[in-house]
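S.K.: below are the sequence and a predicted model for it; my questions follow.
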Amino acid sequence: MQTLALVVFAIIVAVIFDLINGFHDSANSIATVVSTRVLSPRVAVLWAAFFNFAAMFLFAPRVADTIAKIVIIDAKDHAYVYVVLAGLLGAIVWDLLTWWWGLPTSSSHALIGGLIGAGVAHGGWRVIRWEKLWLTFAYIPLAPVMGMAFGFGAMVAVYWIFRRWRPMAVDKFFRRGQILSAAMYSLGHGGNDAQKTMGIIVALLVAGGYFQPNVQLSLTDWHTVWIILICQAAMGLGTAFGGWRIVKTMGMKITKLKPVGGFCAEMAGASTLFAATHLGIPVSTTHVITGAIVGVGSTTKFSTIKWGVARSIIWAWVMTIPLSALVAAACFYLVKLAHPAF
């Protein structure tokens with residue numbers, strides 16, 4: 001009974017993390033469409049929230065499977081429930097700190113760092129499934145580079161295709177187009193990020209002995225469909241509240257965007273996220289859209305990019321996994337002090 005209560009509490013914390021993730025990362029979905037003034041902030045977050053939720057009908061839960069298996073969980077050792085809970089707390093603390101500082105860091109990497117820190121604190125490095133992590137680590141530099149390349153390429157292609165159009169006609173066309181591109185990016189964001197919390201809940205239920213380690217999430221399985229629905233709804237609701245501090249950094253401080261640039265950045269980000277989610281790789285939506293914005297901005301002049309802001313963002317990226325791991329490890333040791341028996 002005590003284990004069940006702990007698992008339920010940890011699931012509630014996981015859903016809160018999902019809400020904070022949506023709140024923290026709403027800027028990723030709406031920054032460009034708001035900064036170009038195609039949509040108002042309130043309409044933009046509601047538009048993004050809807051497509052965050054709708055993503056569950058488009059993507060198979062492969063990212064959830066990756067997250068659920070980062071730590072090797074022994075279902076006979078209920079202390080792993082504390083491991084997952086401490087990992088969540090580490091990610092939540094880091095997300096809230098970086099939101100307050102206005103830095104668009106990765107909730108995904110905060111979660112991964114939290115799981116690593118808590119897992120190592122409990123069972124040492126042997127409990128980490130490195131085969132699940134290497135591709136994720138590779139995408140830390142690769143995701144923004146892909147976003148940058150796609151953004152640059154899309155912008156060059158648009159310049160060529162629409163070279164004979166009048167500027168006002170181009171602006172009008174892409175103002176409409178940006179509504180579509182914002183929807184596409186929000187689908188990619190909801191598909192990749194909400195699945196990370198699904199993976200956490202599966203890991204909790206495996207650690208508690210309520211699921212088998214090889215369980216598969218499915219919309220047609222009543223045993224697991226509730227996990228998908230709750231996580232996608234929490235992601236959408238968090239996005240609907242919006243994180244305006246980070247919107248200002250993403251949409252206004254890195255470079256100035258016009259509707260055509262916003263469209264290219266969002267479509268470049270969406271393409272990267274669609275590919276990663278299909279492959280089951282938990283990438284940072286923040287890294288992807290930042291790279292795409294930089295790629296779009298660099299098609300005019302590199303001097304238009306505010307590299308001081310970009311450097312601050314990159315340093316926050318670098319520190320996310322180790323610092324969230326340290327916070328999670330500290331949380332685990334505090335729990336162990338309070339409950340030495342486990």
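M.R.: Structure received.
S.K.: check the secondary structure at residue 219 for me.
M.R.: Residue 219 carries the three-state label coil when classified by DSSP: H, G, I helix; E, B strand; the rest coil.
S.K.: which residues touch it?
M.R.: 56-57, 225, 228 (CB atoms under 8 Å, 6 or more residues apart in numbering). Backbone N, C-alpha and C define where each C-beta goes, glycine included.
S.K.: same thing but at 6 Å, please
M.R.: residue 225 (CB atoms under 6 Å, 6 or more residues apart in numbering).
S.K.: show me what the helix or strand harbouring residue 51 is packed up against.
M.R.: Here residue 51 is covered by helix 41-54, with elements defined by DSSP states H and E. Packing contacts for helix 41-54, counted by 3 or more CB pairs under 6 Å, 6 or more residues apart in numbering; DSSP states H and E, involve helix 2-35, helix 167-207, helix 225-241.
S.K.: ok, the residue nearest in space to the middle of the chain to residue 239 distance?
M.R.: When CA atoms, centre = their mean is applied to the chain, the residue found nearest the centroid is residue 193 (4.2 Å). As judged by CB to CB, to the nearest Å, residue 193 and residue 239 stand 10 Å apart.
S.K.: cool, residue 30 as well?
M.R.: Using CB to CB, we find residue 30 at a distance of 8 Å from residue 239.
S.K.: between the two, which is the more surrounded one?
M.R.: Counted by other CB atoms under 10 Å, residue 30 and residue 239 do not tie: residue 239 has more neighbours, with 34 against 30.
S.K.: that one contacts residue 23, correct?
M.R.: No. Counting by CB atoms under 6 Å, residue 239 stays clear of residue 23, with 7.2 Å between them.
S.K.: so, low pLDDT: which residues of this protein?
M.R.: Along the chain, the model assigns pLDDT under 70 to residues 1, 24-29, 31-32, 36, 75, 102-105, 242-257, 300-317, 339-342.
S.K.: switch the cut-off to 50
M.R.: For the chain, applying pLDDT under 50 flags the ranges 246, 248-255.
S.K.: confirm that residue 213 sits in a strand.
M.R.: No. Applying three-state DSSP, one finds residue 213 to be coil, outside a strand.
S.K.: pretty sure it contacts residue 206?
M.R.: Yes. Between residue 213 and residue 206 there is a contact under CB under 6 Å: 5.4 Å.
S.K.: pick out whichever of those two has more residues nearby.
M.R.: Shown here are residue 213 and residue 206; by other CB under 10 Å, residue 206 has more neighbours (22 against 14).
S.K.: where's that one relative to residue 149, distance?
M.R.: Applying CB to CB, the value for residue 206 to residue 149 is 38 Å.
S.K.: again, but for residue 336
M.R.: 45 Å.
S.K.: same deal with residue 177?
M.R.: Distance of residue 177 to residue 149, computed by CB to CB: 21 Å.
S.K.: what's the neighbour count on residue 327?
M.R.: When neighbours are defined as other CB under 10 Å, residue 327 has 24 of them.
S.K.: try residue 115
M.R.: 29.
S.K.: quick one: distance of stretch 170-177 to the chain centre.
M.R.: With CA atoms, centre = their mean, to the nearest Å as the basis, stretch 170-177 stands 28 Å off its chain's centre.
S.K.: for that stretch, buried residues please.
M.R.: With burial defined by 16 or more other CB atoms under 10 Å, the residues of stretch 170-177 counted as buried are 170, 174-175, 177.
S.K.: mind giving me a markdown table with the residues you listed and columns for distance to residue 233?
M.R.: A markdown table is the format used below for those (distance: CB to CB, whole Å):
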| residue | distance to residue 233 |
| --- | --- |
| 170 | 38 |
| 174 | 32 |
| 175 | 30 |
| 177 | 29 |
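S.K.: out of those, flag the one nearest to residue 232.
M.R.: Taking CB to CB as the measure, residue 232 lies nearest residue 177 of the buried residues of stretch 170-177, at 25.9 Å.
S.K.: surely the closest one and residue 263 touch.
M.R.: Yes. Look at residue 177 against residue 263 with CB under 6 Å: they come within range, at 4.8 Å.
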